[in-house]
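Peer 1: 3D, please:
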Amino acid sequence: MGLPAPVRVAYVIGELEKGGAEFQLHQLLAGLDRTRFLPRVLVLAAGGHWTGPIRDLGITVEELPRRGGADVRRLLRLRRALGDFAPHVLHTIRWSGNTYGRLASIGLRIPVVMAAERVRDETRPWQRIVTDRLLDPLTDGYLVNSASIADGLVARERVARAKIRVVHNGIDLGPMPPFVPERTAARAAAGFVAGRRLVAQVGRLVAQKDFPTFLRAAALVAQAVPDVDFLVVGDGALRPALEAEVRTLGLEDRVRFTGLRHDVPALLAGVDVLTLTSTFEGMPNAVLEAMATGAVTVATDVGGCAELIVPGETGFLVPP
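Peer 2: Have a look, this model is predicted:
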């Protein structure tokens, strides 16, 4: 029996900060057929970069921030919000959204419960693996953005492969800069020296992205190639340590920290090489944007990178 129209879809996510999963949620909501679907976003934190843009789409965003340490009441608030909205589909996203969302759905008789996994993290603690296994019977299906994540769910969480659907990340090419092999004009427009080549790494400054490896590689390249500079695009808790590493490596004149940028595609249009040194990934949006704007990608062979890059043809893969 089909679901009635409009189908009410509740999205539960841990936060709406500037990250890949959050960006993809906004892209999904922006393209959703509103004559067929009525979406609502329930976020387990207050504020966040994407909260405003999602509300600008005319979609309700209900914030359920934690109050203190172990806040059981947040689970009850989420359960109440789901009960009031009575969704036909519950779509949970990433660890906290998947866990809180599926727990809160118990007994609410929601017809379809989908859990979205966005990264393949081989270092995931055993407690989380056990939790996911316990919540699997509550889950009608899993939505993942790479075959690598699907393989991880089968091997680690023992999810039946038939319950998993792979839908790769996509980006809207409409607002993207044109694919132009010549990079100098875009470099100058972004405020960089047109005649000096650029290598960039984009992402949150967290351990997963392994920026120290990027900086050590930059030091090797800087010794051999005098007309190349390096960009660290993003922000995070590790920025002071990375800035100290730049000083230790003697790269103060070659490495620039841009901080958080909201014009990454325009920036990548002037970049010659995008690197990704992550230790684990899902389907990295930065690689998609780099390929769309004409930057060559050198990425670690983790997550879905091998599903994006044909080595030697559309980029290069290296061991993490």
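Peer 1: Could you pull out the strands in the stretch 201-320 of the chain for me?
Peer 2: According to DSSP state E, counting those that start in this stretch, the stretch 201-320 of the chain carries its strands in the segments 228-233, 255-259, 273-276, 296-300, 316-318.
Peer 1: which stretch among those comes nearest Q127?
Peer 2: strand 296-300 (26.7 Å; Cβ to Cβ). All C-beta atoms are positioned from the backbone trio N, CA, C, and that covers glycine.
Peer 1: Adjacent strands (with direction) for that closest one?
Peer 2: strand 273-276 (parallel), strand 316-318 (parallel) (DSSP bridges).
Peer 1: confidence score at the nearest residue to L16 once chain neighbours are set aside?
Peer 2: Leaving out its chain neighbours, the residue that sits closest to L16 by Cβ to Cβ, 6 or more residues apart in numbering is G48, at 3.2 Å. Listed pLDDT for G48 reads 91.
Peer 1: Can you tell me the SS state at G48?
Peer 2: Assigned by DSSP: H, G, I helix; E, B strand; the rest coil, the conformation of G48 is coil.
Peer 1: these two touch, right, it and E17?
Peer 2: Yes. Between G48 and E17 a contact is recorded at 4.9 Å, counting by Cβ atoms under 8 Å.
Peer 1: Which one's more surrounded, those two?
Peer 2: G48 (20 against 16; other Cβ atoms under 10 Å).
Peer 1: How about residues contacting stretch 31-44?
Peer 2: Contacts with stretch 31-44, where a contact means Cβ atoms under 8 Å, 6 or more residues apart in numbering, come from 5-16, 25, 29, 51, 54, 58-66, 74, 78, 81-82, 85, 87, 96-97, 100-101, 172.
Peer 1: Can you turn the buried part of the residues you listed into a PyMOL selection?
Peer 2: Buried members of these, defined by 16 or more other Cβ atoms under 10 Å, are picked up in PyMOL with:
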select buried, resi 7+8+9+10+11+12+13+14+15+16+25+29+51+54+59+61+64+74+78+81+82+85+87+96+97+100+101
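Peer 1: So which of the contacts of stretch 31-44 are in strands?
Peer 2: Among those, the residues falling in strands (DSSP state E) are 7-13, 60-63.
Peer 1: out of the residues you listed, who's nearest L143?
Peer 2: Looking across the ones in strands among the contacts of stretch 31-44 and measuring by Cβ to Cβ, the closest to L143 is Y11, at 11.4 Å.
Peer 1: And T277, what's its pLDDT?
Peer 2: 97.
Peer 1: try the one 5 residues further on
Peer 2: In this prediction, G282 carries a pLDDT score of 89.
Peer 1: Kindly report the same for the one 4 residues further on.
Peer 2: On pLDDT, A286 comes in at 93.
Peer 1: Correct me if wrong: it contacts V202.
Peer 2: Yes. Counting by Cβ under 8 Å, A286 does reach V202; the two are 4.2 Å apart.
Peer 1: Quick check: neighbours shared by those two?
Peer 2: 264, 268, 274.
Peer 1: so who does the second one touch?
Peer 2: By that I understand L268. L268 neighbours (Cβ under 8 Å, 6+ apart): 177, 200, 202, 274, 286, 289-290, 293, 295.
Peer 1: quick one: which of these is nearest A218?
Peer 2: For the contacts of L268, the nearest to A218 is A200 (10.4 Å; Cβ to Cβ).
Peer 1: unless I'm mixing things up, that closest one is touching V273, no?
Peer 2: Yes. Counting by Cβ under 8 Å, A200 touches V273, with 7.5 Å between them.
Peer 1: what do the two both touch?
Peer 2: In contact with both A200 and V273: A295, using Cβ under 8 Å, 6+ apart.
Peer 1: between the two, which one's more packed in?
Peer 2: Neighbour count, other Cβ under 10 Å: between A200 and V273, A200 has more, with 25 against 19.
Peer 1: What's opposite the more buried one in the beta bridge?
Peer 2: Going by DSSP bridges, A200 forms beta bridges with L231, L274.
Peer 1: Just the pLDDT at it, thanks.
Peer 2: 97.
Peer 1: Ok, G68 next?
Peer 2: pLDDT at G68 comes out at 65.
Peer 1: What of G191?
Peer 2: 89.
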